[in-house]
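>>> sharing a model prediction with you, sequence too.
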Amino acid sequence: MSLDLSRFNNLADAIIERIADTVDDVLGDRVDADLQGGILTMSLDGGGQYVINKNGPMRQIWLASPVSGAWHFEYAENGSWLSTRAPKLALDAVMAKELGDRFGAALSF
């Protein structure tokens, strides 16, 4: 699916903000979530940091994870942001699993 830059920014901002809000609500005492200029940085108690940002020219969301490394996600027709590598995992599912495993909390974005 080809997205124009404006639609890409709206969709990407929405999921990044949703992740930031959920992490702050559920894990706010254990994760410092800071959203500045479209870049979400999450510093974890005990060490480790996630960074989620947009890459407009590629129409992708990029994730740097202390658990699973670098990911690139593209918007799919079903409304998910799916990874460009196999298996095609959704951004929200990756974040929910990794943060859930680390902190023993159920997250839904």
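That came through fine.
>>> and the closest residue in space to residue 53 that isn't next to it in sequence, how many residues sit next to it?
The shortest distance from residue 53 to any non-neighbouring residue, by Cβ to Cβ, 6 or more residues apart in numbering, is to residue 39 (4.4 Å). Every C-beta, even on glycine, is put in place using the N, C-alpha and C of the backbone. A count of nearby residues for residue 39, using other Cβ atoms under 10 Å, gives 13.
>>> tell me where the protein has helices.
Secondary structure of the chain (DSSP state H): helices located at 5-27, 91-103.
>>> which other helices and strands contact the first one?
The elements that helix 5-27 packs onto, with contact taken as 3 or more Cβ pairs under 8 Å, 6 or more residues apart in numbering; DSSP states H and E, are strand 31-36, strand 39-44, strand 49-55, strand 60-65, strand 69-75, helix 91-103.
>>> okay, the angle between that helix and strand 49-55?
For helix 5-27 against strand 49-55, the angle between stretch directions is 160 degrees (axes from the mean of the first three to the mean of the last three Cα atoms, to 10 degrees).
>>> before we move on, back to that, out of the helices and strands packed on helix 5-27, nearest to residue 13?
Shortest distance between residue 13 and the helices and strands packed on helix 5-27, using Cβ to Cβ, is found for strand 49-55: 7.6 Å.
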